[in-house]
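1. Task: produce atomic coordinates for the following.
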Amino acid sequence: MDKNKLVYLHTQTVKAEASTDNSITVTGYASTTDVDRQGDVVQADAWKAGMSSYLKNPVILAYHDHNKPVGRMIEHKVDTKGLWIKARISTAAQDVFNLVKDGVLTAFSIGFRVQDAEYDDTNEVFVIKQLELHEISVVSVPANQNTIFSLSKSFTDPGEYESFKLQFAPRSESAKGLESFVEAKSTPISKEWKMSPEEIKSMMADTAKQAAEDATRALLAQQAKEAKEKAHREAQEAELDAKIKSAVSATVQTGTTGAERLLADVEKRFADQAAETKASLAGLEAALVQKSAEILAMRESKMNFSDKQSKDGVSYQDKEKAVMLAKMMARPIDQTKFGAELIAKSGAHIPTGLTIGGVSGTSIWETDVSLQMQEEIRRRLVIAPLFRSVSMKTNVQTIPVNPEAGRATWVTNANFGAVPGTLGSAGPGAGGTSATGSTTQTPGIGSPHQLKEITLNSYKVATNEYLAYEEEEDAIFAIMPIVRDAMVRRVARAIDRALLTGAGSGSDPIRGLITCATNTFQTTTAITTANQAIATSTTAVTMAGMRAMRKLIGVWGLDPKEVVFLVNTKVYYDLLEDTSFQSVQQVGVDTATLLSGQVGFIGGTPVLVSGEFDTDAASSYPALCFAPGNFLLGEQRGLRLDTQELVETQRRVLVASQRAGMVQLTGNLGNAVSVMKYTA
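-> Residues are numbered from 1 along each chain as shown. Predicted structure coming up:
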């Protein structure tokens with residue numbers, strides 16, 4: 001009997017209750033410390049270590065079928081009565097869900113392996129002291145007060161059950177009765193014989209003789225059987241030969257007309273099939289001739305695609321190292337040790353003088369590195385990706401925009417068909433004569449279509465790294481990743497900072513969102529409170545204060561998906577204390593808009609946190625609300641790397657620069673940005 005046999009306990013009726021999410025919650029004892037009618041009992045202490053494996057995946061099954069998971073255990077406790085659990089049955093298991101709901105499945109049953117037990121045949125009690133829980137199921141065993149659970153149901157017969165319990169019984173006088181019961185079923189009766197050596201020798205000789213005789217008889221019987229089978233096979237073969245000869249003789253006597261017809265039919269079928277195959281091949285050959293040009297183009301296209309995938313056989317990581325090292329050393333790429341080795345290793349197709357598409361091969365490397373670093377800057381930005389962006393060809397670009405044109409005008413039947421703007425006409429939709437005699441036109445019908453022009457400027461942002469002449473190539477190579485990462489982070493932070501707090505003049509040329517909120521559209525006239533929600537720096541910002549900011553931008557804030565909240569870290573932690581704030585963890589990552597820096601939602605509007613706000617103080621601005629659709633971001637070019645010699649200080653300066661700008665498109669619907677301001 002396997003000591004590790006999986007056994008089951010069926011327990012009492014469980015209680016089922018409906019849950020708020022349309023599931024069913026069932027509670028009850030999966031195991032109790034009561035003694036069943038077979039004298040079995042599970043101690044409460046057995047569950048302290050027995051559930052460690054099950055708790056890693058507490059699935060509830062139906063009928064002990066591992067292919068029928070129906071829910072999960074959500075709560076459990078062990079007390080003096082036994083193991084109590086609470087489980088949720090999912091509506092996905094519809095049949096089991098309905099049976100539990102209707103009171104058909106009313107009991108728990110557990111499957112486990114016994115690790116330590118003790119059987120006392122004196123008191124006829126089997127005590128399970130240590131076990132390993134494998135699964136818990138809902139079953140249809142009725143709740144019977146006299147059969148609370150039964151371990152013996154896991155065995156095919158009483159003898160198998162008694163043998164299982166015997167493995168845990170101590171080898172003492174108290175277990176002899178049980179041992180004799182099991183041994184009577186499985187062990188033959190043995191007896192000790194007392195014989196002299198002569199008797200033993202004689203018995204062995206007789207035994208050997210009897211064995212030899214038995215072997216001889218068996219060999220003779222086998223030989224006789226094989227001879228009989230051989231004769232039977234020879235008789236069958238002779239009979240089959242006779243039948244074949246008889247059939248051939250009959251065929252010869254009646255003529256070969258039938259065979260000839262069969263042969264002719266086979267030959268005809270082969271000929272027809274060959275003709276059909278030949279026609280098919282001819283058709284395919286003609287189609288291949290017609291499509292040869294297209295097939296050749298497809299093959300060349302695939303070859304070109306393969307070439308583009310590995311244009312020069314050099315990985316981007318090596319290109320970046322070569323370009324950065326050359327810039328930091330103020331040398332051509334092929335005059336650095338690493339660059340020369342890389343060009344030599346990649347082959348003769350990347351010499352310095354070679355051009356690819358009219359561009360020097362190593363110049364292409366510089367372009368690739370510039371674009372890749374520019375993309376990394378974009379990934380670090382929080383505010384800039386919120387705006388629409390345009391690519392600028394020059395530092396200054398004029399852009400036509402169409403401001404909100406007001407409303408259309410209703411036309412009365414009397415004036416239907418009248419030409420707008422004609423002298424002497426009257427009524428809505430038609431022109432009239434002003435006091436000076438000039439023609440007037442009704443807005444929305446007679447007014448001409450007017451476009452407005454705005455000017456978008458791109459400004460340069462730059463960061464520097466200084467290197468001494470004494471620094472060798474190997475030393476620069478070691479610090480290169482640190483320098484590169486620092487330059488990317490500085491540029492990204494500078495752009496986000498300018499878009500948020502830029503003053504719009506002097507060394508801070510971009511008008512940031514806060515500046516746009518505290519001034520009228522495209523002017524520097526100060527606004528007192530029109531676009532400012534007042535908060536106290538010593539108290540927490542609430543959801544109500546955030547909604548007040550959205551209210552201040554008027555029609556721009558009607559659609560919650562078209563506006564964005566930007567907050568500093570203090571406001572973010574204030575909102576986390578507000579129970580009505582929906583963080584990304586609450587709404588789920590799939591529901592979030594996946595914006596960089598997004599931390600949650602307020603009424604369907606995304607909330608982003610930025611570290612570029614000014615330090616909290618009186619009159620500082622810790623949060624803002626704006627409509628990105630009324631702003632336009634301009635980018636003139638990607639990141640550029642330049643090096644300059646500073647002979648007087650024996651240093652080289654590595655400069656990374658980029659051009660960007662932002663402009664607000666229109667202000668005739670009110671300001672599209674509002675801020676929160678701290679009072680003293």
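
2. any idea which element the residue lying closest to His64 once chain neighbours are set aside lies in?
-> Leaving out its chain neighbours, the residue that sits closest to His64 by CB to CB, 6 or more residues apart in numbering is Ser137, at 4.8 Å. All C-beta spots, glycine's among them, are computed from the backbone N, C-alpha and C. Following DSSP states H and E, the helix or strand that holds Ser137 is strand 125-139.

3. Report all helices and strands that that strand contacts.
-> strand 40-42, helix 46-50, strand 59-62, strand 65-79, strand 82-89, strand 107-120 (3 or more CB pairs under 8 Å, 6 or more residues apart in numbering; DSSP states H and E).

4. cutoff 6 Å now
-> Applying 3 or more CB pairs under 6 Å, 6 or more residues apart in numbering; DSSP states H and E, we find strand 125-139 packed against strand 40-42, helix 46-50, strand 59-62, strand 107-120.

5. wait, which of these is closest to Leu500?
-> strand 59-62 (49.8 Å; CB to CB).

6. just checking, what packs against that closest one?
-> With contacts taken as 3+ CB pairs under 6 Å, 6+ apart, strand 59-62 sits against strand 65-79, strand 125-139.

7. For that strand, buried residues please.
-> Ile60, Leu61, Ala62 (16 or more other CB atoms under 10 Å).

8. so what's the first one bridging to?
-> Going by DSSP bridges, Ile60 is paired in beta bridges with Gly71, Ile136.

9. Could you do Tyr466 as well?
-> Here Tyr466, judged by DSSP bridges, has bridge partners Val653.

10. how close does it get to Asn568?
-> From Tyr466 across to Asn568, the span is 32 Å (CB to CB, to the nearest Å).

11. With neighbour numbers in mind, choose between these two.
-> Between Tyr466 and Asn568, counted using other CB atoms under 10 Å, Asn568 has the larger neighbour count: 24 against 10.

12. Nearest spatial neighbour of the more buried one, chain-adjacent residues omitted?
-> Phe613 is the one closest to Asn568 (CB to CB, 6+ apart), at 3.8 Å.

13. Looks to me like the one you found is in a helix.
-> No - residue state for Phe613 (DSSP: H, G, I helix; E, B strand; the rest coil) corresponds to coil; a helix is not indicated.

14. surely it meets Lys570?
-> No - at 8.8 Å, Phe613 does not count as touching Lys570 under the criterion of CB atoms under 6 Å.

15. Just send the helices and strands packed on strand 125-139 back as JSON lines, with mean pLDDT too.
-> Shown next, in JSON lines, are the helices and strands packed on strand 125-139 (pLDDT from 0 to 100):
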{"stretch": "strand 40-42", "mean pLDDT": "82"}
{"stretch": "helix 46-50", "mean pLDDT": "83"}
{"stretch": "strand 59-62", "mean pLDDT": "91"}
{"stretch": "strand 107-120", "mean pLDDT": "84"}
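
16. most packed of the ones you listed?
-> Neighbour counts (mean count of other CB atoms under 10 Å) averaged over each of these peak at strand 40-42, with a mean of 23.

17. and it, what does it pack onto?
-> strand 125-139.

18. for the buried residues of strand 59-62, which one is nearest Leu633?
-> Ile60 (54.3 Å).

19. Tell me where the model's unsure across the stretch 51-200 of the chain.
-> Within the stretch 51-200 of the chain, the stretches with pLDDT under 70 are 141-159, 161, 166, 169-197, 199-200.

20. again, only using 50
-> Counting by pLDDT under 50, the stretch 51-200 of the chain contains low-confidence ranges at 143-148, 171-193.

21. picking up where we left off before, of the buried residues of strand 59-62, closest to Tyr29?
-> The closest of the buried residues of strand 59-62, once distances to Tyr29 are taken by CB to CB, is Ile60, at 14.7 Å.

22. How about the residue in this protein that sits furthest from its center?
-> Within the chain, the residue lying farthest from the chain centre (CA atoms, centre = their mean) is Glu198, at 85.0 Å.

23. does that residue sit in a helix, a strand or a coil?
-> Classified using three-state DSSP, Glu198 is helix.

24. measure it to Leu284 for me?
-> In terms of CB to CB, Glu198 sits 97 Å off from Leu284.

25. ditto for Met203
-> For Met203 relative to Leu284 (CB to CB), the value is 89 Å.

26. Kindly report the same for Asp120.
-> Asp120 is 87 Å from Leu284, by CB to CB.

27. And Lys68, by the same measure?
-> From Lys68 to Leu284 the distance is 55 Å (CB to CB).

28. Pick out whichever of these two has more residues nearby.
-> Neighbour totals were compared for Lys68 and Leu284, and Lys68 leads with 15 against 10 (other CB under 10 Å).

29. can I assume the more buried one is in contact with Ile89?
-> No - shown here, Lys68 and Ile89 do not form a contact pair, counting by CB under 6 Å, at 11.7 Å.

30. Straight-line length of stretch 31-40, end to end?
-> 12 Å (CA to CA, to the nearest Å).

31. quick one: buried residues of that stretch?
-> Those would be Ser31, Thr32, Thr33, Asp34, Val35, Asp36, Gln38, Gly39, Asp40, for stretch 31-40 by 16+ other CB under 10 Å.

32. can you check stretch 595-614 too?
-> Buried, per 16+ other CB under 10 Å, within stretch 595-614: 596-602, 605-610, 612-613.

33. before we move on, what about stretch 77-96?
-> Val78, Gly82, Leu83, Trp84, Ile85, Lys86, Ala87, Arg88, Ile89, Ser90, Ala93, Val96.
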